[in-house]
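> Here is my input; please provide its structure:
(2 chains)
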Amino acid sequence: MSDKTEVNLTGVKQSKGVWLVKVPKYLSQQWDKATEKGEVGKITIGKKQGKTEVRFSLDEELTALGDVGEKDASLQVPRDHSFTMHTVDGQTMAVFSQSSADEISLEGMVVHRAECRPVVSDNYMKLKKLQIKASTKPQRLSQQLERAVTTVFKPVANHDFNVEHEKKKKSEGKMVRAERQVVLDMLFSAFEKHQYYNIKDLVDITKQPVTYLKEIMREIGTYNSKGAHQSTWELKPEYRHYQSAEEEEMQTD
Amino acid sequence: MTSLGGSSSSATEYTVRVPKNTSKKYNIMAFNSGDRVNCSTWTQARMERDMSARRIYGEEESAEGAAGSEFGKKHREEARRKKYGIVTREFKGEDQPWILKVNGKAGKRFRGLKKGGVTENASYYIFTQCPDGAFEAFPVHGWYNFTPQFKHRTLTAEEAEEEWGRRNKVVNHFSIMLQRRFREQERGGEDDDDENEKSGKKKKKGGGRGGDLRIHDLEEDLEMSSDDSDSSMGDDGEGKTKAKKATGKGKAKKKKRKSSDKEALEDSDDGDYEGLEVDYMSDESSSDEELEKGKSSKGEHHPKGIDEASESEEESEEEKQNEEEAKDEEEEEEEGKKTPVQPEKKKKKDSSGESESSDDSDIEGETASALFMKKRTPPKRGGRGSAGSSRTGSRPGTPSIDSASTSNTLSAAASKLEQGKRPTLGPSTDSPAAKRLKMEPSSQSPVPSGKSTPQPPSGKSTPSSSDVQLTEEAVRRYLIRKPMTTKDLLKKFQTKRTGLSSEQTVNVLAQILKRLNPERKNVNDKMHFYLTE
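Numbers count the residues shown, from 1 in each chain, chains lettered A, B, ... in the order given. Next up is the predicted model:
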């Protein structure tokens, strides 16, 4: 659990009022392309016949919808936008920021909400059309093939995997019964690491034939047919001594 | 910053900057306006992530290391999940809720849940004005809705349970509410405030509780059967109604007790409790009655005082559907006493033209019901008379016993007796049913049985449960105590109890009276017998 971070309340104390502005996606994309300085446009706050009007105009350089620098892109993002202002009566909103060092500070209170809307133009309509087309394209596409695919699923005399398997078997040969003591040692060291083992895993580890292994296991261990660890083998209690430090004392024959 | 001096419009222009290098991530902390949060009043605040969900996600981690672990368990689990297509969402620290604590430990707590989908289609920016007049826009990274958190959570589960219990209807409501109230009273006003907060309304709980015993118009309506009040209340909102209900129910409970004592009923209560299995009522009253019964019984079956017996008889004869009656029925059913199918028989009683058996069972039932009801309040003597007469009138073969003509019957019977007919008495039982006073049952029972010739009662079912002996001694006792009419005497020795048929009872009684030769006096135009000892 992270430590409690003391919230820096300076912003609120100063009663800094901020605006929460909803900006369309394309505009924010353009803003991301801004230069280092960060200037993206101009806001004009004016009073027209008594009503407050806020307008935003995007910088010239940022109007191109392609990469920065291409001036003659086919489409251009509209330049003029207007902000519609709302009050924040329904909600009390504050802004808090989290720095990379996990420092939280309260930046201020929201005093106005605004929505940035473009002034409608042909340009904008074209842009929107493009957007809609792109969004309605389905993610998956069914395509009809003219010819059947013949590169896979050829009938094979023997599959690759099988061939490999047989080769491996041949090379390894049948599992040989090792000395009892040797096997026991192997088992005990395996049970040091885990408590429950499947017989297949034990065969894998010890490389002993199953019957031989089972015989030995029956001697030193028990089989769990039910319960949480189903169909697993574990050592008999007298043989095991599990401690948190994983030290075991075992009795050997 | 350029200011354009316009003619009709004055506008000021500001530059908008979107800083690129911010290491800070901006988020919105939204409160509900109803909570009246004023950030400027905060002196100190702490915020941290609520990582309690990590436990849930991390729960699959079983014991690692030797003990308790299986070989290859992880792989197997993974394979299994893939096979079944179980996709577990990762525990993202970034998306966990915030916990905001304001003004230290004693202050408020808030929990901020992340609102999804904020940055999907439109971006939010925070515009702040810099000292140089330009605006700076910061993108909003996340939106968190903060809600106040209360410290007292102890009641929610309880309340929810209660609420559910109320809807369930067949639960012991009263005690729940009472207990809760008591508990709350112990806890003090703390809970009051909490509940007020929670419900968000001004509750009259304090007032309601204080005015527990105040008679309220609304409460009288609530006073009806628990079910009705429950259902009606369940539909209403909580808060107010809950408070009222609490008090109402408490009131109702008390009122019910009172009413059971006084038998002062409202019409609306009629039939409310019929056939209901309301634990409260039966538990309470029956426990009361059992206590009483235990007190009064001397290890015998059902000793009763004369008054009690008479009261009980009178009352039980009533066919009014009282609380008590209904209660009795329920209790009897529940107690599984020796009067089975009694309510049915009682109902049968309503219909005229009854057979003897039903009548007899009625009587037996009446006494039984009398046993369970300790306090049988003022009997309806008026009704009793008529009911009694009507009942006896409906018996076939029994001359209709009018209040005025009881003696006639008896005289007639007495004259019959002179012919030497000797009715038999029922088999003796040890239980002196109708007598509270110490009798000598042992001495009593052999005597009458010795007297009577062993003739089985004719056509009568062997009364396995007869508790009353129609003996001279019994009659004598009655008459010594107070003057009684023949009708009263007959009532004392109910046919089912004594095991005799009604005719036999009459005969025997006449005989006894003849022997005793009591003195007579006229009270209220009725002939009363009495003895002085």
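
> got the residue ranges for the strands in the stretch 51-200 of chain B?
Assigned by DSSP state E, counting those that start in this stretch, the stretch 51-200 of chain B shows strands spanning B:98-102, B:109-114, B:122-129, B:135-149.

> Just the element for the closest residue to chain A within chain B, please.
Using CB to the nearest CB, B:A11 is the residue of chain B that sits closest to chain A, at 2.9 Å. C-beta here means a position set from N, CA and C on the backbone, and glycine is covered the same way. Using DSSP states H and E, B:A11 sits in strand B:10-17.

> hmm, the following helix or strand past that strand in reach of chain A?
Note on strand B:10-17: by DSSP H and E, the next helix or strand toward the C-terminus is strand B:25-32. Yes. Counting by CB under 8 Å from any CB of the partner chain, chain A is contacted by strand B:25-32 at B:K25, B:Y26, B:N27, B:I28, B:M29, B:A30, B:F31, B:N32.

> Count the neighbours of A:V119 for me.
Neighbourhood size, A:V119 [other CB atoms under 10 Å in any protein chain shown]: 13.

> Apart from its chain neighbours, what residue comes closest to it?
Nearest residue to A:V119 in three dimensions, chain neighbours excluded: A:D80, at 4.2 Å (CB to CB, 6 or more residues apart in numbering or on different chains).

> which ones are touching that neighbour?
A:R55, A:F56, A:S57, A:L58, A:P118, A:V119 (CB atoms under 8 Å, 6 or more residues apart in numbering or on different chains).

> How about the contacts made by residue 20?
Reading this off chain A. A:88, A:93, A:95, A:110, A:112-114, B:28, B:124-127, B:140.

> other chain: chain B
The neighbours of B:K20, taking CB under 8 Å, 6+ apart as the test, are A:A34, A:E36, A:G38.

> how about 7 Å then?
By CB atoms under 7 Å, 6 or more residues apart in numbering or on different chains, the contact set of B:K20 is A:E36, A:G38.

> swap in the one 4 residues further on?
Applying CB under 7 Å, 6+ apart, we find B:K24 in contact with A:S97, A:Q98, A:S99.

> The last one and chain B: what is the separation?
Plainly put, A:S99 is 5 Å away from chain B if you go by CB to the nearest CB, to the nearest Å.

> With A:S15 instead?
A:S15 sits 6 Å away from chain B when distances are taken as CB to the nearest CB.

> what's the pLDDT at that residue?
On pLDDT, A:S15 comes in at 78.

> now A:K174, what's its secondary structure?
Under DSSP: H, G, I helix; E, B strand; the rest coil, A:K174 falls in the coil class.

> can you give me how far stretch A:187-202 is from the chain middle?
When C-alpha coordinates are averaged (CA atoms, centre = their mean, to the nearest Å), stretch A:187-202 and its chain have centres 35 Å apart.

> what do you get for stretch A:130-149?
The chain centroid and the centroid of stretch A:130-149 are separated by 26 Å, computed with CA atoms, centre = their mean.

> Next: stretch A:101-115.
Per CA atoms, centre = their mean, the centroid offset for stretch A:101-115 relative to its chain is 28 Å.

> Go ahead and name everything in contact with it.
A:2, A:5, A:7-12, A:15-22, A:83-88, A:93-98, B:26, B:39, B:47, B:128.

> Give me the buried entries from those.
For the contacts of stretch A:101-115, a burial check counting by 16 or more other CB atoms under 10 Å in any protein chain shown picks out A:5, A:7-9, A:11-12, A:16, A:18-22, A:83, A:88, A:93-98, B:26, B:39, B:47, B:128.

> Could you check what's spatially nearest to A:G108, not counting adjacent residues?
Among residues not flanking A:G108 along the chain, A:K16 sits closest, at 3.5 Å (CB to CB, 6+ apart).

> For the one you found, which residues are in contact?
For A:K16, the residues meeting the contact criterion (CB under 7 Å, 6+ apart) are A:E107, A:G108, B:T128.

> in the sheet, who's paired with the last one?
This points to B:T128. Beta bridges link B:T128 to B:E136, judged by DSSP bridges.

> Please report how far it lies from B:T147.
Applying CB to CB, to the nearest Å, the value for B:T128 to B:T147 is 26 Å.

> okay, the least confident helix or strand in chain A by mean pLDDT in PDB with CA atoms only?
When the helices and strands of chain A are scored by mean pLDDT, DSSP states H and E, helix A:10-13 comes last with a mean of 75. What follows is helix A:10-13, C-alpha atoms only, in PDB (Å, rounded to 0.1, in the frame of the first residue of the first chain):
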ATOM      1  CA  THR A  10      -2.100  25.700  -2.200                       C
ATOM      2  CA  GLY A  11      -4.100  25.800  -5.300                       C
ATOM      3  CA  VAL A  12      -7.300  25.700  -3.500                       C
ATOM      4  CA  LYS A  13      -6.300  28.200  -0.900                       C
END
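
> Which residue lies closest in space to A:Y197, excluding its sequence neighbours?
Spatial nearest neighbour of A:Y197, chain neighbours left out: B:F71 (4.7 Å); criterion: CB to CB, 6+ apart.

> wait, I meant A:L127
Using CB to CB, 6+ apart and skipping the chain neighbours, the partner closest in space to A:L127 is A:L75 (5.6 Å).

> related to what we said a few turns ago, widest-spaced pair of the residues of strand B:25-32 next to chain A?
Maximum pairwise distance in the residues of strand B:25-32 next to chain A, criterion CB to CB, is 23.7 Å, between B:K25 and B:N32.

> Just send the contacts of A:L20 back as JSON lines, with distance to B:P483 and pLDDT too.
Below are the contacts of A:L20 laid out as JSON lines (distance: CB to CB, whole Å; pLDDT from 0 to 100):
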{"residue": "A:V88", "distance to B:P483": "92", "pLDDT": "86"}
{"residue": "A:M93", "distance to B:P483": "92", "pLDDT": "88"}
{"residue": "A:V95", "distance to B:P483": "97", "pLDDT": "87"}
{"residue": "A:V110", "distance to B:P483": "95", "pLDDT": "90"}
{"residue": "A:H112", "distance to B:P483": "98", "pLDDT": "90"}
{"residue": "A:R113", "distance to B:P483": "96", "pLDDT": "91"}
{"residue": "A:A114", "distance to B:P483": "101", "pLDDT": "92"}
{"residue": "B:I28", "distance to B:P483": "94", "pLDDT": "91"}
{"residue": "B:Y124", "distance to B:P483": "99", "pLDDT": "93"}
{"residue": "B:Y125", "distance to B:P483": "104", "pLDDT": "92"}
{"residue": "B:I126", "distance to B:P483": "102", "pLDDT": "92"}
{"residue": "B:F127", "distance to B:P483": "105", "pLDDT": "91"}
{"residue": "B:V140", "distance to B:P483": "99", "pLDDT": "92"}
